[in-house]
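J.: fold the following and give me the result.
(one chain, ligands or ions: 2)
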Amino acid sequence: MSRSAKAALHLAVVGHTNTGKTSLIRTLLHRRDFGEIRNRGGTTRQVASAPLAVNGETLITLYDSPGLEDAPGLIEWLDDRPGTRHDGPERVHALLTDPQARARFDHEARVLDLMLNVDVALYVVDVREPVLEKYLDELAVLALCGCPLLVVLNFVASEHAREQAWRDALARIGLHTVLAFDAVVRDPASERRLFEKLAAQLDAFASVLEAWLAVREREEKERLTAAAAAIAEMLVDVAAAHRLAALHSEHDREQAQQALRHAVREREQACVDTLLDLYRFGREDYADDDLPLSQGRWSEDLFDPESLRYHGIRAGGHIGAGAGAGAVVDVATGGLSLGAGTLVGAALGAGVGVVRGFGDRIGDRLRRRERLMIDDPTLRLLAWRQLELLAGLRRRGHASQAPLPTAERERWAEKKLPDPLQRARRQPGWSVLNAPEAPDPTRQRAVADLGRVLEAAMRASQSEDGAAAGAGTE
Ligand SMILES: Nc1nc2c(ncn2[C@@H]2O[C@H](COP(=O)(O)OP(=O)(O)O)[C@@H](O)[C@H]2O)c(=O)[nH]1
Ligand SMILES: [Mg+2]
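T.: Ligands and ions are numbered 1, 2, ... in the order given. Predicted coordinates for the structure are as follows:
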């Protein structure tokens, strides 16, 4: 790492009220608890700052600012005092030291004060707005402060966006460093582009900005590894999970099935929660069409046959063919040795996903019990759903693109299940959903192996560097 002991970069976020300044800062911080966000104007009254820091060292300080409201008034005031016509900062200074002007332009004065003391400013534009004179006045006043200005076009995804009109207008006043950035969306590719643009503009801070980019890149990698590990843990827990039922007792079997389904649903939800936490979104903090969830949960039940069908997962050869919904099928014998009476049992209509499983078959027989486990199609569905969620979390704002490429879909829909999962089938000790036993080092190895498979799957579907960066947002 080439981090120098240089001073931190001071970066102000300025613009009209409600353009998304505070949202942009939250997004850059990866923190939803910074500042206050309202749809009504003027929420941010004071300048507030927050550090982008690593190991206690602040690389960049971000400053949120009140919305500029009366730029035309500022221009008039300045025009009435021609004085040092060509020294912008001096003119601004004159305004800031005039008590009457300070009283009249309270919010604006704070912004100008800030502008005189930072290294660079991001001017945030709501591109749904027409290019009004007052915005050009704002830019003219900000330009007087003599600090480099980079324009962030926000709300570019809106159907009312007037992105080109803004780009044209900005070019006419000599502002060419423009960047589209959806301020509420945490999108690693746009974030990277923003800092790269800053680095290109600010020679003196290039090393600080590069250091910060490296921090974010490492975090993104670590987040992906942690997410893949969380999914792997869950899948191993589910693959190895069982419930025991007394042999030939419909009632007992029904209870065991319900208990198993319940435990697995909860285990999946815990995994979903972990993924959401990793990507730092509050549960209420995304639109339904960003992610395949509703209120932080999958809307289709895991054991609803429709969920399998929706994902194009065949209920797998022999199992789907003979068994009605809710049937308990013996995995090891392919269900063929079972009579119709067993196949269409008491659980009819209660859903799918449970089979008579592996484990100590002779011991089970002797003890006159059977072992119920989750079937392969359900494991596939579990893997698929989590990968899809992860893809959505990593690429929010690009929801229109297919989250998983065809090769990955096919793999999880029908190819052989990864080896660690197959091994887990015969290892009741590997599941926290069974009675807790001593942690098994072989389980950890299987989880790590599976985590790597999942991580590779996500990297294969990664388009942060390709599709998103080339999507024409610049
Ligand atoms: N859809 C969408 N909403 C945004 C975006 N940026 C900001 N908002 C919303 O616009 C409103 C104003 O945002 P805020 O950050 O408070 O603006 P500020 O006054 O400039 O700080 C809030 O309701 C935000 O949730 C964006 O990129 N897309
Ligand atoms: Mg604000």
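J.: C-alpha only now, for contacts and for neighbours.
T.: Noted.
J.: got the buried residues for the longest helix seen in the chain?
T.: Determined from DSSP state H, the single longest helix within the chain is helix 206-240. Residues of helix 206-240 classed as buried: 206-214, 216, 223-240 (neighbour count, 16 or more other Cα atoms under 10 Å).
J.: any idea which helix or strand comes after it?
T.: strand 242-246 (DSSP states H and E).
J.: contacts only, for the residue lying closest to D364 once chain neighbours are set aside.
T.: Of all residues not flanking D364 in the chain, E370 sits nearest, at 6.0 Å (Cα to Cα, 6 or more residues apart in numbering). Going by Cα atoms under 8 Å, 6 or more residues apart in numbering, E370 touches L244, A245, A246, L247, R356, G357, D364.
J.: selecting buried members of these in ChimeraX, what would you type?
T.: Selection command for ChimeraX covering only the buried members of the contacts of E370, criterion 16+ other Cα under 10 Å:
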select :244,245,246,356,357,364
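J.: and the least confident of the contacts of E370?
T.: The member of the contacts of E370 with the lowest pLDDT is G357, at 72.
J.: how far away is that residue from G363?
T.: The gap separating G357 from G363 is 13 Å, by Cα to Cα, to the nearest Å.
J.: tell me which helix or strand of the chain sits lowest on mean pLDDT?
T.: Least confident helix or strand of the chain, by mean pLDDT, DSSP states H and E, is helix 340-343 with a mean of 34.
J.: what packs against the helix or strand following that helix?
T.: Downstream of helix 340-343, the first helix or strand assigned by DSSP H and E is strand 354-356. Contact partners of strand 354-356 among helices and strands, from 3 or more Cα pairs under 8 Å, 6 or more residues apart in numbering; DSSP states H and E: strand 329-330, strand 369-374.
J.: now the last one: average pLDDT?
T.: What strand 369-374 shows for mean pLDDT is 88.
J.: and stretch 436-446, by the same measure?
T.: Rounded mean pLDDT across stretch 436-446 is 83.
J.: now do it: everything it contacts.
T.: Counting by Cα under 8 Å, 6+ apart, residues outside stretch 436-446 touching it are V236, P420, L421, A424, G429, W430.
J.: among the residues you listed, who's most crowded?
T.: Using other Cα atoms under 10 Å as the neighbour test, those are led by W430, with 30 neighbours.
J.: farthest residue from the center of the chain?
T.: G83 (51.8 Å; Cα atoms, centre = their mean).
J.: how about it, what does it touch?
T.: So G83 contacts R91 (Cα under 8 Å, 6+ apart).
J.: only alpha carbons, please: show stretch 356-374 as CSV.
T.: C-alpha atoms of stretch 356-374 as CSV (Å, rounded to 0.1, in the frame of the first residue of the first chain):
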residue,chain,number,x,y,z
ARG,A,356,-36.7,-40.0,4.5
GLY,A,357,-33.1,-39.6,4.8
PHE,A,358,-29.6,-41.0,5.3
GLY,A,359,-27.9,-41.5,8.5
ASP,A,360,-27.7,-44.7,10.5
ARG,A,361,-30.2,-46.7,8.6
ILE,A,362,-29.7,-50.0,10.4
GLY,A,363,-29.6,-48.3,13.8
ASP,A,364,-32.7,-46.3,12.9
ARG,A,365,-34.6,-49.5,12.0
LEU,A,366,-33.6,-51.3,15.2
ARG,A,367,-34.8,-48.3,17.1
ARG,A,368,-38.0,-48.4,15.1
ARG,A,369,-37.6,-44.8,13.8
GLU,A,370,-37.1,-43.0,10.6
ARG,A,371,-35.0,-40.0,9.8
LEU,A,372,-36.6,-37.1,7.9
MET,A,373,-34.4,-34.7,6.0
ILE,A,374,-34.6,-31.9,3.5
